[in-house]
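*Asks:* my questions are about this predicted structure, shown below with the sequence.
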Amino acid sequence: MDYPEIDRYASLDSPIHRFDPRAKIITFVLLLISFVFVQKISVAFLALLFSLLLLLVSKLPIRFILKRVQIVLIFVLPLLIIMPLTVKGTELFSVFGISATREGLWYASLIVIRSMAAVILILTMLGSMRFDTTIKALYTLKAPKTLVQMLMFTYRYIFVIIDEFLSMWRAMSAKGFNPRTNMYGLSVMGNMVGMLIVKSYERGERVYQAMISRGYTGNPKTRTAFAMRRTDYVLSAIFVGIAILVHINTVMM
Amino acid sequence: MTKEAVSIRDLNYSYPDGTVALEDINITIEEGERIAIIGQNGAGKTTLFLHLNGTIKSCDNNVVIFGKDIGQMKSKERIEKVGVVFQDPDDQLFMPTIFDDVAFGPINMGLDEDEVERRVRSALATVGLTGFEDRVPHHLSYGQKKRAALAAVLSMEPRILVLDEPTANLDPMNRASLIELINDLNRDKGITTIVAMHDVNAVSQLADRIYVLNKRMVAEGPPTEIFMDFDLLRENNLDAPDVFKLFSVLSCFGFNCESLPLSINEAVEVLTKTIEGDEKHVHLHIHEHTHEDLEVLMHRYDHHHG
Amino acid sequence: MTKEAVSIRDLNYSYPDGTVALEDINITIEEGERIAIIGQNGAGKTTLFLHLNGTIKSCDNNVVIFGKDIGQMKSKERIEKVGVVFQDPDDQLFMPTIFDDVAFGPINMGLDEDEVERRVRSALATVGLTGFEDRVPHHLSYGQKKRAALAAVLSMEPRILVLDEPTANLDPMNRASLIELINDLNRDKGITTIVAMHDVNAVSQLADRIYVLNKRMVAEGPPTEIFMDFDLLRENNLDAPDVFKLFSVLSCFGFNCESLPLSINEAVEVLTKTIEGDEKHVHLHIHEHTHEDLEVLMHRYDHHHG
Amino acid sequence: MHISDGVLSLPVVAAGWIITVALLVITLRWGERDKSIAEQIPKLSIMTGAFFVASLIHVSVGPTSVHLILNGLLGVVLGVLSYPAMFIGLTLQALLFQHGGLTVLGVNTMIMGVPGLISYAVFKTGYKRNISLTALGALCGALATVLAVILLAVVLVTTGEEFVAVAKLAAVAHVPIMIVEAIVTGFVVAYLAKVKPELLPVDLGDKR
Ligand SMILES: Nc1ncnc2c1ncn2[C@@H]1O[C@H](COP(=O)(O)OP(=O)(O)OP(=O)(O)O)[C@@H](O)[C@H]1O
Ligand SMILES: Nc1ncnc2c1ncn2[C@@H]1O[C@H](COP(=O)(O)OP(=O)(O)OP(=O)(O)O)[C@@H](O)[C@H]1O
Ligand SMILES: [Mg+2]
Ligand SMILES: [Mg+2]
């Protein structure tokens, strides 16, 4: 189990890193929404190239990106095999009486390209600022308070709970436990999940007590020192323009 | 004239599941005192602390802070009066960055931005964490987390500081520096400090007066008095500090001093004074009762044959 | 003839995030020894222990237990050799009843039901928890949980027992009884015990030999030797036991003994022997260097002006 | 079984958001019956963290390994507030581990969260009928997985009939996951009943 170190390279320096967090979130999400609904492969491909360009500018290490893109590929790549074989349409070729269709291949490719563009955008956005900055930016953007607070506290305690889980896991393997998928293995797994839940419940009580003793009223504030500069406005304008252009292009053609 | 910082009258508390945690607690603590609460595991120390800042509310108005019932206080007033540092620092560092954590209390008190900033800086400086403002809590070491949790309470500038097991799991150096820090706060800012701890060797460094808790308050007094009482200690699964024990041993060899020291520094003083007072030397010798006395003494300190 | 229980050669370890935790560790522990590993917070004690039972696997085959590389051992063989009791008992008790928890290891070893039953009873008896079989571990007191966690490892009847901070958060009585228990296991069953702890006052009660860890092994030797070395202690944020310090103080007043004691019991012995040897009495006096010596000594023990 | 960005069509994505936003508003209101949400946030968040971490646990099934979903358990333990918890959990999965996506958060939360809510109802009803807690837990674990697979299929097929075969395959692939979920959820519920029954929506009798 790894720690979620999505913001490991947040301290690099690049135009994307310097982009105002609020503007970054808004414009990247706009780009994201725009890209995932593109209908033409050629345009989707251009969108992917643009995402890659942003990634390049951000200087985020390729290995960091590849490891994470891989996760999405595992989900979408099978479509490239399944869809050509199952979607009806013009035959492309046929092996052993099973035929692959142009429509299937086209549709699957579109999906793969769109999701690649999307995940690269998200990684560039998140990788170029600290996660707590992301949360604070959401706060100042007036995202629903309850949800942002939950996001903030959950994120904070994931690290603590992972540590707890790892200690439990070590204690179990120190007693010769081998995780196997049989009744016994799953029962131990169940106990472990149960223990994790019980401990978190009790920690939740203690954390609440600690908050009360520091005057918690249900609306914690955090420090933010965001300021939009001219370059931020320029960048934002460009990104919004591209997000729209991608679809105007489709409509006109 | 000193004021009563804490006054608790006839406090009883049971957890919802029926566990009786506190019975008939009566305590009075003057402003500026240094108090330790000792007691075995499950004696109710943490439960008592939860009452001190109103986290657990008693219905009978029996917890009074600086003359005012804590149940009647507004949140802001309460946290200006009493700050509690709990045992596990991870429970107290719940915000994304150290700055946010230390600023949490002051912001809730409604202070303006400059004042919040000033308090955060000053609290972090006090605990020696200047420059850690933007660090995230999960990348700190245990000792650093402990100090950050203390800073998060200090920034509310409470008049009473309550600490649950401040030295547990700390290495000797971190432990010594935390003890010094707590004492500085008491001396320089007149903050009343109340600690709960198991480490009897450190208790006397942090307290002028001790309460012994075991659901009820079973004893109260200066450390020397408490640690002198073998039966009290044994009945409550407690122990005397090593230095104290050693001077009891020395007294079997004919070393007489006015009051037994509890820490090394006190011991040096006592030795110097006693020896200087006795014409620059003291005889340690084995007299007719030495062996007998020693046996009785060691037997008393041994928990397993009591 | 004694056998080598643990032998580690040139062990290095960094956590995946790059944190260097251990560098060039070399240790050899004979069967039946009582070892303590001390070191400041973050020194790598817990990390080292994770290597001792193969939880963290080193690639270079440099952890050898009873002559056999731990990487080559089957899980059953490994846990019969080394049992590790971690610090937080809550991390180790996750079964619905104490019985299940203590039976967990033996069941994983593939023992038959009768043998499992026998081992559980015997382990529970050893730690004094007979009759607790059907209790829910989560509902025990802290001291009981600590003992249950120990029983859950004892039931695998390991030849080497490794304990991480066995006494942290325990009250003095529970602490004393756990220390006695560990020593009994060493004496009566010849189990090699290795402990990591911050409580220097208790170290000498649990160890005949100490390793000082600070990423590297910076020192090794009998407690008296280690605690004599002021610079070593200061450089590693450590401290000497109070009794030891006090006898250094006494020596400034002209008390001479062969080796400085580390615990109360040793102190009584040393005092009796020295005084008896010196014609039934010893002079404590202030000689021309006393004040000077004292100052130097106390300065050395003080962490904050080092 | 989280859907990635770029897979679904605009109408489906939009419908997912509408349903999820509506359910978020409703469940958060509903969750405020006894206690204000502000008071519950710390505990709710940390429990969400626990479920998040639990869902990172891998279980090997045959040659592959699947990770636990636990949406049924989430419903049983957190009640109506399991919906916002699921939303936060999936947001973090998408942001931190790239499981799922951002635009499809509405849809994914619906796929996982609605079965959670149904499990909660089933658990409470079953409890009144005196069904054993372990069996109920197992039932909820299985049911929540099945319902999630059905919703997943519906969402995919609504996007385009190109997905019919994909949906069928996904359903088959989830059979082992369903079994694992049922067993694990059953054991967790049995554990909680013994150790901390107040975590389950059951009547504690004399204790309350
Ligand atoms: N949330 C709770 N529900 C029920 N009983 C509780 C709860 N918290 C504590 N107790 C019980 O109340 C009693 C007092 O517990 P408390 O934690 O105050 O003791 P303590 O003196 O702080 O112990 P320790 O030295 O181990 O920290 C114990 O018997 C404990 O088991
Ligand atoms: N899972 C982990 N990932 C990365 N670094 C870690 C991890 N666990 C520990 N470390 C780091 O490795 C070093 C050694 O840690 P370890 O826990 O072994 O120290 P320790 O001597 O047991 O300390 P303590 O006395 O506080 O228990 C520390 O710098 C610590 O921050
Ligand atoms: Mg306590
Ligand atoms: Mg450790």
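*Replies:* Everything's here; your move. Nothing here was measured: the structure is a model prediction, and the numbers come from that model. Numbers count the residues shown, from 1 in each chain, chains lettered A, B, ... in the order given. Ligands and ions are numbered 1, 2, ... in the order given.

*Asks:* for chain A, which spans come out with low pLDDT?
*Replies:* Scanning chain A for pLDDT under 70 picks out A:249-253.

*Asks:* where along it do the strands fall?
*Replies:* A:91-95, A:98-101 (DSSP state E).

*Asks:* the first one pairs with which strands, parallel or anti?
*Replies:* When sheet partners are counted by DSSP bridges, strand A:91-95 sits next to strand A:98-101 (antiparallel).

*Asks:* run through who's touching the strand it pairs with.
*Replies:* Strand A:98-101 is contacted from outside by A:84-85, A:87-94, using C-beta atoms under 8 Å, 6 or more residues apart in numbering or on different chains. From N, CA and C alone the C-beta is placed, and that goes for glycine too.

*Asks:* so which of those residues also contact ligand 1?
*Replies:* Among the contacts of strand A:98-101, no residue is within reach of ligand 1 (C-beta under 6 Å from any ligand atom).

*Asks:* got these as JSON lines, with distance to residue D:111 columns?
*Replies:* Below are the contacts of strand A:98-101 laid out as JSON lines (distance: C-beta to C-beta, whole Å):
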{"residue": "A:84", "distance to residue D:111": "26"}
{"residue": "A:85", "distance to residue D:111": "25"}
{"residue": "A:87", "distance to residue D:111": "23"}
{"residue": "A:88", "distance to residue D:111": "27"}
{"residue": "A:89", "distance to residue D:111": "28"}
{"residue": "A:90", "distance to residue D:111": "33"}
{"residue": "A:91", "distance to residue D:111": "34"}
{"residue": "A:92", "distance to residue D:111": "32"}
{"residue": "A:93", "distance to residue D:111": "35"}
{"residue": "A:94", "distance to residue D:111": "35"}
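
*Asks:* closest to residue D:104 out of these?
*Replies:* residue A:87 (21.2 Å; C-beta to C-beta).

*Asks:* check contacts around that closest one.
*Replies:* So residue A:87 contacts A:101, A:103-104, A:107, D:162, D:165 (C-beta under 8 Å, 6+ apart).

*Asks:* nearest to residue A:30, of those residues?
*Replies:* Distances from residue A:30 to the contacts of residue A:87, taken by C-beta to C-beta, are shortest for residue A:107, at 25.1 Å.

*Asks:* please parse chain B into its domains.
*Replies:* With domains defined by automatic domain parsing, chain B comprises B:4-235, B:242-301.

*Asks:* distance between the shortest one and the chain's centre?
*Replies:* Remark: domain B:242-301 is offset 27 Å from the chain centroid, using C-alpha atoms, centre = their mean, to the nearest Å.

*Asks:* just the terminal-to-terminal distance for it.
*Replies:* Start-to-end span of domain B:242-301 (C-alpha to C-alpha, to the nearest Å) is 10 Å.

*Asks:* now the helices: where do they sit in the stretch 51-200 of chain B?
*Replies:* In the stretch 51-200 of chain B, the helices defined using DSSP state H, counting those that start in this stretch lie at B:75-81, B:98-108, B:113-126, B:142-154, B:172-189, B:200-206.

*Asks:* if we can go back for a sec, out of the contacts of strand A:98-101, what pair is the most spread apart?
*Replies:* Pairwise distances across the contacts of strand A:98-101 (C-beta to C-beta) peak at 15.4 Å, for the pair A:88 and A:93.

*Asks:* what about the helix or strand hosting residue D:177, near chain B?
*Replies:* Following DSSP states H and E, one finds residue D:177 within helix D:164-195. No: Helix D:164-195 does not reach chain B (C-beta under 8 Å from any C-beta of the partner chain); its nearest approach is 12.6 Å.

*Asks:* show me what that helix is packed against.
*Replies:* Other elements packing on helix D:164-195 under the criterion 3 or more C-beta pairs under 8 Å, 6 or more residues apart in numbering or on different chains; DSSP states H and E are helix A:62-86, helix A:183-212, strand D:58-61, strand D:64-67, helix D:71-78, helix D:133-159.

*Asks:* quickly check: the second one near chain B or not.
*Replies:* It refers to helix A:183-212. Yes: against chain B, helix A:183-212 shows contacts by C-beta under 8 Å from any C-beta at A:203, A:206-207, A:209-212.

*Asks:* burial count for residue B:286?
*Replies:* 18 (other C-beta atoms under 10 Å in any protein chain shown).

*Asks:* how about residue D:37?
*Replies:* With other C-beta under 10 Å as criterion, residue D:37 counts 18.

*Asks:* so what's it up against?
*Replies:* Shown in contact with residue D:37 (C-beta under 8 Å, 6+ apart): A:146, A:218, D:28, D:31.

*Asks:* from residue B:227, how far out is the last one?
*Replies:* If I follow you right, that is residue D:31. Separation of residue D:31 from residue B:227 (C-beta to C-beta, to the nearest Å): 52 Å.

*Asks:* and those two? Which one has more around it.
*Replies:* Set residue D:31 next to residue B:227 and count neighbours by other C-beta under 10 Å: residue B:227 wins out with 25 against 21.

*Asks:* okay, now the unreliable bits of chain D?
*Replies:* Applying pLDDT under 70 to chain D flags residues D:1, D:204-208.

*Asks:* which parts of chain A sit against chain B?
*Replies:* Neighbours of chain B within chain A, by C-beta under 8 Å from any C-beta: A:130-132, A:135-136, A:152-153, A:155-157, A:159-160, A:203, A:206-207, A:209-217, A:220-223.

*Asks:* now the buried members of these.
*Replies:* A:130-132, A:135-136, A:152-153, A:155-157, A:159-160, A:203, A:206-207, A:209-216, A:220, A:222-223 (16 or more other C-beta atoms under 10 Å in any protein chain shown).

*Asks:* wait, what's in contact with residue 192?
*Replies:* I went with chain A, as the question did not name one. A:165, A:168-169, A:172, C:94, D:57.

*Asks:* ah, no, chain D please
*Replies:* A:194, A:197-198, D:77, D:199-200.

*Asks:* make it 6 Å
*Replies:* With contacts defined as C-beta atoms under 6 Å, 6 or more residues apart in numbering or on different chains, the neighbours of residue D:192 are A:194, D:199-200.

*Asks:* which one of those is nearest residue D:185?
*Replies:* Of the contacts of residue D:192, the one sitting nearest to residue D:185 (C-beta to C-beta) turns out to be residue A:194, at 10.2 Å.

*Asks:* can you tell me the closest non-neighbouring residue to the closest one?
*Replies:* residue D:191 (3.3 Å; C-beta to C-beta, 6 or more residues apart in numbering or on different chains).

*Asks:* contacting residues for the one you found?
*Replies:* Residues counted as contacts of residue D:191 (C-beta under 6 Å, 6+ apart) are A:191, A:194, C:96.

*Asks:* helix, strand or coil for whichever residue of the stretch 1-150 of chain B sits closest to chain D?
*Replies:* Nearest to chain D in the stretch 1-150 of chain B, going by C-beta to the nearest C-beta, is residue B:17, at a distance of 6.5 Å. Using DSSP: H, G, I helix; E, B strand; the rest coil, the three-state assignment for residue B:17 comes out as coil.
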